[in-house]
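Asker: Fold the following.
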Amino acid sequence: MELYIFRHSDYLRLYNCTPEIINEMEQFSKYGDSSTPSYHIESFIIILLGILSYLFYLPCICVIWRYSFTQSCYKLLLYIGFTDLLNICVCGFLHAFLALQRASFCIYPNLIYFAGMIGVCMYF
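Answerer: Numbering: from 1, shown residues only. Modelled structure (predicted):
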């Protein structure tokens, strides 16, 4: 994080995100390559599973919200439910979007970096 914030030029050099590489990766993400598979089916399956997870989670969260002020265990369950919903957003929907875009780190460095931080934070 220190390298990312305070020494951003070293950060870009170490991760090899020079303007030439970024341009090449953007062209690849737009037009693709015949030897590289596209992940459309997998991405749509991930999106579908994320939507199903949300549909199953939301009624449970509503019931837990109703009883969350009576006992402390419901407050913990509510917290776990909200972190799971955020994790489904990051790991499910964002991952599928990036796979559809054929994204790499140099194209979306800030988005991938902070999404990874949120995903790791929600995991623990």
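
Asker: Quick check, A115 in contact with V90.
Answerer: Yes. Counting by CB atoms under 8 Å, A115 touches V90, with 5.2 Å between them. In short, each C-beta sits where N, CA and C put it, glycine included.

Asker: Check which helices and strands whichever helix or strand Y11 is part of sits against.
Answerer: For Y11, the host element (DSSP states H and E) is helix 8-14. Using 3 or more CB pairs under 8 Å, 6 or more residues apart in numbering; DSSP states H and E as the contact test, the elements touching helix 8-14 are helix 2-6.

Asker: thinking again about what came up before, run through who's touching the helix or strand just after the helix holding Y11.
Answerer: Later in the chain than helix 8-14, the nearest helix or strand by DSSP H and E is helix 19-31. When contacts are defined by CB atoms under 8 Å, 6 or more residues apart in numbering, helix 19-31 is touched by residues T36, Q101, R102, A103, S104, C106, I107.

Asker: ok, now with 6 Å
Answerer: Outside helix 19-31, the residues within contact range by CB atoms under 6 Å, 6 or more residues apart in numbering are Q101, R102, S104, C106, I107.
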